[in-house]
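Colleague: Got a predicted structure here, sequence first:
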Amino acid sequence: MSDLQALREKYLAQIEAAEDEAAVEKVRIAALGKKGEISLKMRTLGKMSPEERRTVGAALNALRDEIDAAIRARREALADAALAKRLEKEWLDVTLPARPRPAGTVHPVSQVTEEIVAIFAELGFSVAEGPQVESDWYNFDALNIPPHHPARQEFDTFYMHRAEGDDRPPHVLRTHTSPVQIRAMEAHGAPIRIIAPGRVYRSDYDQTHTPMFHQVEGLAIDRDISMANLKWTLEEFCRAFFEVDHVELRFRASHFPFTEPSAEVDIRCSWEGGQLKVGEGDDWMEILGSGMVHPKVLEAGGIDPNEWQGFAFGLGIDRLAMLKYGIPDLRSFFESDLRWLKHYGFAALDIPTLHGGLGR
Ligand code: DAH
């Protein structure tokens with residue numbers, strides 16, 4: 001028995017001292033493996049007398065179970081310790097702010113387009129669209145600009161290439177958003193209230209002109225629409241867009257083939273200290289073209305000019321963006337310079353509000 005007692009102490013001590021899984025396994029093999037010390041002892045039971053076998057057998061079984069349990073316990077303790085050690089190293093502070101990710105910005109043209117759409121939506125205008133490659137009928141003829149009209153030359157039009165022998169009518173890169181007036185009239189008839197933001201193209205390049213730029217067209221047709229409605233709508237728009245309570249617009253008689261009468265609209269402003277302020281000062285700045293839709297244009301859009309009349313206007317989005325956000329050179333809009341985009345761009349969540357005045 002004292003023999004077993006010695007074995008017990010030896011193995012329990014070895015198990016306790018085992019520092020890793022491999023060491024524990026070594027002890028297990030030495031004690032309980034096929035040729036382990038305790039296993040070999042059990043094999044000697046056969047040679048014993050029945051009484052001896054009973055007492056020694058029971059003691060050996062108990063010893064084997066105890067060693068087995070001690071090995072399991074040690075394994076578990078080692079696994080726990082290893083996990084605890086890993087957890088100590090691998091913890092994270094979930095309250096840390098996230099790593100900054102490179103975020104893009106909203107281009108001033110997109111921002112201003114959204115602002116314009118939001119303001120006119122509040123005034124009851126919906127958004128209409130048309131193609132950028134347009135037939136010359138929509139871009140010119142339907143807008144009362146016949147083939148040899150001088151206005152066609154003024155537009156510096158890009159014509160689409162035609163293969164030799166292809167005599168389909170010519171197509172152009174639209175020179176303005178006005179053709180969307182015709183498309184919207186055809187699609188919806190009267191009454192109608194739409195704005196049409198989009199890209200337009202002219203062969204022109206300097207500080208305030210680029211071959212591609214952006215316009216918004218406006219069109220409102222009803223039975224009794226007058227210049228007064230045009231004036232109110234544009235004033236309300238400018239007040240909201242420039243975020244000033246007092247705007248003063250000046251309607252200057254002008255000429256566009258698609259409107260009669262036609263007016264160019266200037267806004268009162270000051271350039272004091274090189275900074276533009278809208279609504280004060282002694283300067284006037286032209287911001288858009290407008291007028292009452294010409295009867296021939298209504299007809300081209302399939303609307304009876306004896307029954308309906310309306311106003312239209314067209315303004316340059318890029319121009320308004322330059323003015324509102326103090327951006328000096330139009331060409332920089334389209335150079336994709338990341339430093340410029342970071343400086344003049346907007347955060348994605350800067351959702352345009354109903355800039356002052358409209359949201360009552
Ligand atoms: N389409 C004209 C242009 O690009 C702008 C314009 C003037 C549009 C008068 C209109 C308008 O709807 O009534 O120069």
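Modeller: The structure has been received and is ready for your questions.

Colleague: what about Gln215, which SS state?
Modeller: Gln215 falls in the strand class when you classify it by DSSP: H, G, I helix; E, B strand; the rest coil.

Colleague: Return the set of residues that bridge with it.
Modeller: Gly198, Gly316 (DSSP bridges).

Colleague: how close does it sit to Gly165?
Modeller: 35 Å (C-beta to C-beta, to the nearest Å). The way it works is simple: take the backbone N, C-alpha and C, and place the C-beta from them, glycine included.

Colleague: who's more crowded, those two?
Modeller: Gln215 (23 against 5; other C-beta atoms under 10 Å).

Colleague: check contacts around the more buried one.
Modeller: 176-177, 197-198, 200, 314-317 (C-beta atoms under 8 Å, 6 or more residues apart in numbering).

Colleague: Try it again at 6 Å.
Modeller: Contacts of Gln215 were listed using C-beta atoms under 6 Å, 6 or more residues apart in numbering, and they are 176-177, 200, 314, 316.

Colleague: ok, now how distant is Asp304 from Pro179?
Modeller: As judged by C-beta to C-beta, Asp304 and Pro179 stand 21 Å apart.

Colleague: quick one: which of those two has more around it?
Modeller: Set Asp304 next to Pro179 and count neighbours by other C-beta under 10 Å: Pro179 wins out with 26 against 11.

Colleague: so the residue nearest to that one when sequence neighbours are not counted is in which element?
Modeller: Among residues not flanking Pro179 along the chain, Tyr138 sits closest, at 3.8 Å (C-beta to C-beta, 6 or more residues apart in numbering). Following DSSP states H and E, one finds Tyr138 within helix 136-139.

Colleague: May I see the buried residues of that helix?
Modeller: 136, 138-139 (16 or more other C-beta atoms under 10 Å).

Colleague: For it, name the packing helices and strands.
Modeller: helix 179-188 (3 or more C-beta pairs under 6 Å, 6 or more residues apart in numbering; DSSP states H and E).

Colleague: Tell me if the helix it packs on is near the ligand.
Modeller: No: Helix 179-188 does not reach the ligand (C-beta under 6 Å from any ligand atom); its nearest approach is 6.6 Å.

Colleague: Report the mean per-residue pLDDT for the helix or strand hosting Lys231.
Modeller: Using DSSP H and E, Lys231 maps to helix 227-242. Average pLDDT, helix 227-242: 95.

Colleague: Mind giving me the packing neighbours of that helix?
Modeller: Helix 227-242 packs on no helix or strand, going by 3+ C-beta pairs under 6 Å, 6+ apart.

Colleague: quick one: buried residues of the helix or strand that it is followed by?
Modeller: As assigned by DSSP H and E, the chain's next helix or strand after helix 227-242 is strand 249-256. By 16+ other C-beta under 10 Å, the buried positions in strand 249-256 come out as 249, 251, 256.

Colleague: Could you list the buried residues of the helix or strand that comes right after strand 249-256?
Modeller: For strand 249-256, the following helix or strand on the C-terminal side (DSSP H and E) is strand 259-270. Neighbour-count burial for strand 259-270, counted by 16+ other C-beta under 10 Å, picks out 259, 262-269.
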